[in-house]
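> Sequence first, then the predicted structure:
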Amino acid sequence: MFRNNYDNDSVTFSPQGRIFQVEYAQEAVKQGSVVVGLVSKTHVVLTALKRNAEELSSYQKKVVGVDDHLGVALAGLASDARVLSNFMKQQSLASKLSYGRPIPIERIVNMIGDRAQTSTQHYGKRPYGVGLLVAGVDDLGPHLFEFSPSGMTQEMLACAIGARSQMARTYLERHLDKFADCSRDELIKHGLLALKESLAQDKELTVDNTSLAVIGLAEKDGRKKLEKFKLFDGQDVGPLLEANVETSGGGEGDAMETDS
Amino acid sequence: MTSIGTGYDLSNSVFSPDGRNFQVEYAVKAVENGGTCIGIRTKHGVVLACEKIISSKLLKPGCNKRISTIDRNAGIVTSGLLPDGRHLTTRGRDEASSWRQTYKAPIPMSALASRLGGYVQAYTLYSSVRPFGVTAILGGWDSEAELGVDGQVGNGPAAGAGGKVDDSSTKRGGPGLYMIEPSGLYWGYYGAATGKGRQAAKGELEKLDLAAPNCSLTLKDAVLEAARIIYVAHEDSKDKEFELEMTWISALDGPTKGRHEPVPKELLEEAEKHAKKSLEPEDEDEDEDEDDMEE
């Protein structure tokens, strides 16, 4: 009657040593709309494609600022991402209070990784159904981490997760060598172009469906200074789209216009 | 597999009629697919090495380290489910720090293996948890000197109950290498291997004759051998590229001064060059083998 007895909970190994519940949670990430992240020596950029449930509804938030030096982009269950990003906000603040400096990115990523691991080893819990790209700047420079529901976290040079993200990844792999020396604006351009690769045929990037965030180290009077997390949403992305992506509908961008 | 469909393999902490806990056996399967990890123990110190498969070009090279430091004198490398490995590493660090709190001294490797072995074993006892999908190799050096620790108060009684036995025939300290399996079982080793290439690696380790009392392998030799073994155990055809990661730990008067550290870059590069070179003449060996077969 049952095709698979080993996929009912996350505390059961299959005879091959797999944990199906965790693998299924990873499928939930692939249902979410695509998000892209990439780093240079000075900046880290997140771009995201937002979806709306219906024509008249608002668009789902895809990029969340955690702290001045830290932000996440999500693909998958948004409510799970809110749990994790709230946790990160608390930890970042608590760490700043205790140690008087911003929390290192790898540390806070490991914290959510460890938390996610716990829910894959205890009965009655379920794995988080969300993948995150964590972008941030610390003493060691800009960083980009991928977090997945298994609790696995990896530092990446560039990454794309979510539906149809393979095309974006192919773009990123093709241009990987250039990223390190990119300026802030060039990095934004690559972020938007990678995102564009993953679009369905009749879709394009508009001010409504595109989110973009930048964190970086800005050179000021010969000293490195943190360029704080900045989210470009709605009308704010208009100029960036205009400058970097060819759109058919002009600057305002209209989701209804599909002719090229 | 006979276990499938009997129902005894669906929950942790359940024995089958012939006395097996299948969930633990399945956890071992998870380890068998992990990257190869090895440890070599010599008189002069311990080397840990691991094969890190590069699953994507987008990963940042040289990051995402797989070998961790538990305490100043101890390192750990895990094979299998990486997040489980992080869980175990965190526990190891907690054990090491609580040992310092209690005894004002670094945790001996034997005690660390015992504590972690007990922790892993506890995850085979309850149906509310699953066993660890990792095998861990612990390497470290127990100091032969009595190290003072931050917060130490006095030196304890010199004689009588709790007094120190200053017996010069007692040998203190030395290298330690242990491997902990998902069942919680652990043994001490001269050379340990786990992960995908463990069979090939074990074969190579045995050739080193590490258990012999007159084994002349120096710590640097062990580093070179460890690199070579990881290269030998790597399956070119099946797997993509990999990164070699190595750490080592020596006595107080050795190169690492009793600390667990990454192998220095120059030595790592030398070891990799040596490993690649030693793989080349293997083709000739294979030819010879074929000749033997024909005869």
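Cool, got the structure. Numbers count the residues shown, from 1 in each chain, chains lettered A, B, ... in the order given.
> Could you list the contact residues of the stretch 101-250 of chain A toward chain B?
Residues of the stretch 101-250 of chain A found near chain B (CB under 8 Å from any CB of the partner chain) are A:110, A:113-114, A:116-118, A:120-124, A:150-152, A:154-159, A:169, A:172-173, A:176. (Glycine included, C-beta is placed from N, CA and C.)
> go again using 6 Å as the cut-off
Contacts of the stretch 101-250 of chain A with chain B, taken as CB under 6 Å from any CB of the partner chain, map to A:117, A:121-123, A:150-152, A:154-159, A:173.
> Just those: which are in helices?
Counting by DSSP state H, those place A:117, A:173 in helices.
> out of the residues of the stretch 101-250 of chain A next to chain B, which are buried?
By neighbour count, with 16 or more other CB atoms under 10 Å in any protein chain shown, those hold A:117, A:121, A:122, A:150, A:151, A:152, A:154, A:155, A:156, A:157, A:158, A:159 as buried.
> Export the residues of the stretch 101-250 of chain A next to chain B as TSV, with columns for pLDDT.
Conversion of these to TSV gives the following (pLDDT from 0 to 100):
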residue	pLDDT
A:117	97
A:121	97
A:122	96
A:123	95
A:150	97
A:151	97
A:152	97
A:154	97
A:155	98
A:156	98
A:157	98
A:158	98
A:159	98
A:173	97
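> burial measure for the residue lying closest to residue A:37 once chain neighbours are set aside, as a count.
Nearest non-adjacent residue to residue A:37, counting by CB to CB, 6 or more residues apart in numbering or on different chains: residue A:133, 4.0 Å away. Residues near residue A:133, counting by other CB atoms under 10 Å in any protein chain shown, number 28.
> how would you label residue A:133: helix, strand or coil?
State at residue A:133, reduced to three classes by DSSP: H, G, I helix; E, B strand; the rest coil: strand.
> how far away is it from chain B?
11 Å (CB to the nearest CB, to the nearest Å).
> Pull the contacting residues for that residue.
Residue A:133 makes contact with A:35, A:37, A:73, A:146, A:159 under the criterion CB atoms under 6 Å, 6 or more residues apart in numbering or on different chains.
> shouldn't the fourth one be in contact with residue A:157?
No. Under the criterion of CB atoms under 6 Å, residue A:146 makes no contact with residue A:157, lying 10.9 Å away.
> Okay, and residue A:46 sits in which element?
Under the criterion of DSSP states H and E, residue A:46 resides in strand A:43-49.
> ok, then the element right after that strand?
Using DSSP H and E, the helix or strand that follows strand A:43-49 towards the C-terminus is strand A:63-67.
> re earlier: mind listing residues that contact the strand holding residue A:46?
Strand A:43-49 is contacted from outside by A:33-38, A:62-63, A:73, A:135, A:142, A:144, A:184, A:187-188, A:191-192, A:195, A:209, A:211-216, using CB under 6 Å, 6+ apart.
> For the chain, which segments are assigned as strands?
Picking chain A for this. For chain A, applying DSSP state E gives strands covering A:35-39, A:43-49, A:63-67, A:70-76, A:130-138, A:141-147, A:153-155, A:158-161, A:210-220, A:223-232.
> Not quite, go with chain B.
Going by DSSP E, chain B shows strands at B:37-42, B:45-53, B:67-71, B:74-80, B:134-142, B:174-180, B:186-188, B:191-194, B:242-250, B:261-262.
> Nearest to residue A:244, out of those?
Shortest distance between residue A:244 and these, using CB to CB, is found for strand B:242-250: 34.1 Å.
> Just want the angle from the closest one to strand B:67-71.
Per axes from the mean of the first three to the mean of the last three CA atoms, to 10 degrees, the angle that strand B:242-250 makes with strand B:67-71 is 20 degrees.
> what's the model's confidence in strand B:242-250, averaged?
Strand B:242-250 shows a mean pLDDT of 97.
> Could you name the helices and strands sitting against it?
strand B:45-53 (3 or more CB pairs under 6 Å, 6 or more residues apart in numbering or on different chains; DSSP states H and E).
> what helices or strands is the strand it packs on leaning on?
Judged by 3+ CB pairs under 6 Å, 6+ apart, the packing partners of strand B:45-53 are strand B:37-42, strand B:74-80, strand B:174-180, helix B:219-233, strand B:242-250.
> Reformat the ones you listed as TSV; add mean neighbour count.
As requested, the helices and strands packed on strand B:45-53 are arranged in TSV below (neighbours: other CB atoms under 10 Å in any protein chain shown):
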stretch	mean neighbour count
strand B:37-42	29
strand B:74-80	29
strand B:174-180	23
helix B:219-233	23
strand B:242-250	23
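> Format those as TSV; extra columns: distance to residue B:122.
Shown next, in TSV, are the helices and strands packed on strand B:45-53 (distance: least, CB to CB, whole Å):
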stretch	distance to residue B:122
strand B:37-42	23
strand B:74-80	17
strand B:174-180	13
helix B:219-233	31
strand B:242-250	28
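> circling back: any idea what the residue nearest to residue A:37 is bridged to?
Assessed by DSSP bridges, residue A:133 has beta-bridge partners residue A:73, residue A:146.
> ok now stretch A:148-161, how far from the chain's centre?
9 Å (CA atoms, centre = their mean, to the nearest Å).
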